[in-house]
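Trainee: Structure, please.
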Amino acid sequence: MEWTTGPDRKPLTLRRSRSTADAARTPALGRVAAVLAAAAVLVFAPGIAQAAFNGSASGSTSLSTLKLTTPTASQVTSTCDNNTLVITLKTPVPGANYHQLIVKDNTSRVVYTGDLNAANNWKYTLNNTYNGQNGNFTFEIRGQYHVPSTSNIWTGSPYTKTIGC
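Mentor: Model prediction:
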């Protein structure tokens with residue numbers, strides 16, 4: 001800093017030299033204004049505003065598992081008399097509301113897929129003249145639980161057997 005007098009003979013004044021570093025400095029009031037402007041943009045501009053939420057909620061999560069047992073040989077009978085295949089489930093699988101039966105002919109082509117149920121006395125009958133096929137038929141029975149009002153299905157392991165006709 002230096003004491004100077006102007007050409008118009010004014011009283012002495014204290015003047016700061018304007019170096020490059022000094023010229024780049026923003027006055028304190030300007031910095032405060034910039035901070036306030038930035039805060040206003042963040043608060044009032046919904047696209048870039050940050051938000052914090054306080055609160056809590058709780059609830060229980062319902063989880064369950066279902067173990068469907070495999071039907072046993074003592075639960076299933078199968079006979080082939082007079083070219084008629086009869087498959088019967090004597091007792092349903094505990095917890096199952098659907099009992100899937102898949103029957104395949106001796107070329108492994110699926111002949112039938114459906115439900116063995118109480119309305120049919122847990123029985124399926126196939127006349128063995130199906131496409132002129134004679135020989136072995138393989139079938140699988142498994143318990144399933146079809147969850148009501150959803151497409152979810154719990155499936156047990158199959159009981160598999162081959163029977164000759």
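Trainee: Next up, phi/psi of Ala118, please.
Mentor: Main-chain torsions, Ala118, degrees, to the nearest 10: phi -60, psi -30.
Trainee: Output the contacting helices and strands for the lengthiest strand in the chain.
Mentor: Counting residues, the longest strand found in the chain (DSSP state E) is strand 136-146. Contacts defined by 3 or more CB pairs under 8 Å, 6 or more residues apart in numbering; DSSP states H and E place strand 136-146 against strand 76-81, strand 84-89, strand 98-104, strand 153-155, strand 159-164. In this view, the C-beta of every residue, glycine as well, is placed from N, C-alpha and C.
Trainee: which stretch among the ones you listed comes nearest Ser56?
Mentor: The closest of the helices and strands packed on strand 136-146 to Ser56 is strand 153-155. By CB to CB, the value is 33.9 Å.
Trainee: same question for that closest one, mean pLDDT?
Mentor: Strand 153-155 carries an average pLDDT of 90.
Trainee: can you pull the contacts of the closest residue in space to Tyr98 that isn't next to it in sequence?
Mentor: Leaving out its chain neighbours, the residue that sits closest to Tyr98 by CB to CB, 6 or more residues apart in numbering is Gln144, at 4.3 Å. By CB atoms under 8 Å, 6 or more residues apart in numbering, the residues touching Gln144 are Leu68, Ala96, Asn97, Tyr98, His99, Gln100, Ile153, Trp154, Thr155, Gly156.
Trainee: Run a quick check on Thr70 versus Ile141, I expect a contact.
Mentor: No: applying CB atoms under 8 Å, one finds Thr70 not in contact with Ile141, separated by 9.0 Å.
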